[in-house]
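K.L.:
Coordinates only, no sequence provided:
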């Protein structure tokens, strides 16, 4: 459970600490349908509230995004 009235920057920092990610890791959340919440794409995570993107009493899956660039193409791994 998390407080949805916090800033996205605070939420992502908390999730990274709790799940032993490095500060440089790119994390995000999936909802129960598999839709990506795109928290890592928010323009100003220090001022945007989490409640704008997440809803109460919902379940989310934490993912770490690993980007690999192979030549001219990018490969993404969840």
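P.N.:
Nice, I can see it. For clarity, every value in this text was computed on a predicted model and none was experimentally measured. Numbering: from 1, shown residues only.
K.L.:
tell me the contacts of the residue positioned nearest the centre of the chain?
P.N.:
Averaging the C-alpha coordinates of the chain gives a centre point, and the residue nearest to it by C-alpha atoms, centre = their mean is residue 28 (2.2 Å). Residue 28 sits next to 36, 37, 38, 39, 40, 62, 63, 65 when contact means C-beta atoms under 8 Å, 6 or more residues apart in numbering. The way it works is simple: take the backbone N, C-alpha and C, and place the C-beta from them, glycine included.
K.L.:
Go through stretch 19-30 and flag the buried ones.
P.N.:
21, 27, 28, 29 (16 or more other C-beta atoms under 10 Å).
K.L.:
ok, now stretch 49-60?
P.N.:
50, 54, 60.
K.L.:
Stretch 4-17 now?
P.N.:
By 16+ other C-beta under 10 Å, the buried positions in stretch 4-17 come out as 7, 8, 9, 11, 12, 15, 16.
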